[in-house]
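A.B. asks: All I have is the shape, not the residue letters:
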C-alpha cells in the first residue's frame, strides 16, 4: 500500500428488519421506475412497494431483468423508457437488477440511440454527464452493488464482459432488509455468498487497498465464516441471513475503493462462454490464491481468520460445483482469455496463473 490514500463512498445506507416496508417514505413525489425481476414480482415485492406509495407517486414496473443483463437488452430498455418523466429508479433484486438500474440511470439521460453498443462495440468513450437517482434494495447477499460505482454489462454476441463505471453510478440510497433474503434458494445463497467472500479477499490482496477497505474486508470475512455455514444449514435463520447481508455490504464497500483482482479476471470467460454463475466463477480459485497470500506477512489474528476461510472453502468443494458447467480441461483452455489488465493488474502478490488454475480444478 502506498503512503497516501483516499476513501470515498457517498451512498446513504438504511439497514434493518422491516426497512423495505418503510421505503415509500424515502421517495420524492413523481414517476419512479422499478427495475426488478419477475421472481420478485411473484414473491409480492412489487405489490409491497406499490402499497406504500401515495397519490403523488407513480410506479412504472420493469420486471424483465434476467441474470447477466446484456448490451442489447439494456439498450432496448433504454429505448423503451427514454423520454418519460422518470424522477428516479428503485432497484429490487440481486446484482443483475441493481446493475441494470445503475446503467439505466445514466443511459436514460444520454439522449443517444443504443448508447451501450456505441461504447462497447463502436469504441465511443463513456461520457455520462447526468444520472437519475437510484435506490438499491438487494435481495441477495453477495454483489454489494448497492454501494459500488460500477455495473457489469455482458455482450453475448462477442462473449465479453464490460463495465459502466464512475461516481454517477453510485446509488443515492441502499436499503438493506434481511427478510428479503429468506426466500433465496440454497444454490443462489451459496453462490452469492461466495461472491461476497471473493470481494473481501480480492480487496485484501489488492494494490489499491486502504486502511478503511482492509477494515471492511476483515470484518466481512469474520461474518462469512460465522454465518454462511449456518445459513446453508438453516436457511430460515434470520440472524444468520442478516449477518451475511452485512458481510456483503462491507465487502462491497471494500471493492468500491479497490475494485477486484485476479479471481474476477479469471471468472469472466467462464461466465460469458459457459454461463457459470458469477459467484462460483470468481471464487473457485480463491483457495489456491489464498495459500499464496498466507505465505506473506500477516498478524496472528489475520492468519487465523484466513485459515478458517481456507477451510470453509475446502468444505464447500467448489471444483465439484464447477464440474456442473465445464470440465477441467475446458477451464485450462480459457487461460489465454483470463487476463483482464484492469482487474488482474490489481493483484499485489505474485502467482502463477496456470498453476492456480490447475490447483483449483483438482482440489
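C.D. replies: Right, received. Where do you want to start? All values reported here derive from a predicted model rather than from experimental measurement.
A.B. asks: Need the residue closest to the centroid of the protein.
C.D. replies: Nearest to the centroid of the C-alpha atoms of the chain, with distances taken as C-alpha atoms, centre = their mean, sits residue 143, at 2.3 Å.
A.B. asks: ok, now how distant is residue 19 from residue 301?
C.D. replies: Relative to residue 301, residue 19 is positioned 32 Å away (criterion: C-beta to C-beta, to the nearest Å). C-beta here means a position set from N, CA and C on the backbone, and glycine is covered the same way.
A.B. asks: ok, back up a step: and the residue nearest to the centre of the chain, how far from residue 85?
C.D. replies: Using C-beta to C-beta, residue 143 is found at 30 Å from residue 85.
A.B. asks: Then residue 131?
C.D. replies: Distance of residue 131 to residue 85, given as C-beta to C-beta: 16 Å.
A.B. asks: can you check residue 221 too?
C.D. replies: Applying C-beta to C-beta, one obtains 45 Å for the distance of residue 221 from residue 85.
A.B. asks: Which one of those two is surrounded by more residues?
C.D. replies: Under the criterion of other C-beta atoms under 10 Å, the comparison of residue 221 against residue 85 puts residue 221 first, with 24 against 8.
A.B. asks: The more buried one against residue 197, yeah?
C.D. replies: Yes. Between residue 221 and residue 197 there is a contact under C-beta atoms under 8 Å: 7.2 Å.
A.B. asks: Touching both of the two, which residues are there?
C.D. replies: With contacts taken as C-beta atoms under 8 Å, 6 or more residues apart in numbering, residue 221 and residue 197 have residue 309 as neighbours in common.
A.B. asks: which stretches of the stretch 251-363 of the chain form helices?
C.D. replies: Under the criterion DSSP state H, counting those that start in this stretch, the stretch 251-363 of the chain contains helices at 262-274, 278-281, 286-293, 300-316, 318-322, 328-333, 341-344, 353-362.
A.B. asks: got a list of contacts for the fourth one?
C.D. replies: Translated: helix 300-316. 190, 194, 197, 201, 218, 221-222, 224-225, 228-229, 283, 286-287, 290-291, 293-294, 298, 363.
A.B. asks: Would you mind checking these for buried ones?
C.D. replies: Listed as buried from the contacts of helix 300-316 are 190, 194, 197, 201, 218, 221-222, 224-225, 228, 283, 286-287, 290, 293, 363; burial here means 16 or more other C-beta atoms under 10 Å.
A.B. asks: can you give me the strands in the stretch 51-200 of the chain?
C.D. replies: For the stretch 51-200 of the chain, the strands identified by DSSP state E, counting those that start in this stretch occupy 57-62, 86-93, 134-138, 150-155, 160-165, 173-176, in order along the chain.
A.B. asks: which one of those strands is the most hemmed in?
C.D. replies: With neighbours defined by mean count of other C-beta atoms under 10 Å, none of these is more surrounded on average than strand 134-138, at a mean of 27.
A.B. asks: Quick check: phi and psi at the closest residue to residue 252 other than its chain neighbours.
C.D. replies: The shortest distance from residue 252 to any non-neighbouring residue, by C-beta to C-beta, 6 or more residues apart in numbering, is to residue 144 (1.8 Å). Torsion angles at residue 144 (phi, psi; degrees, to the nearest 10) stand at phi 70, psi 10.
A.B. asks: Can you give me the distance of residue 288 to residue 362?
C.D. replies: When distances are taken as C-beta to C-beta, residue 288 and residue 362 turn out to be 10 Å apart.
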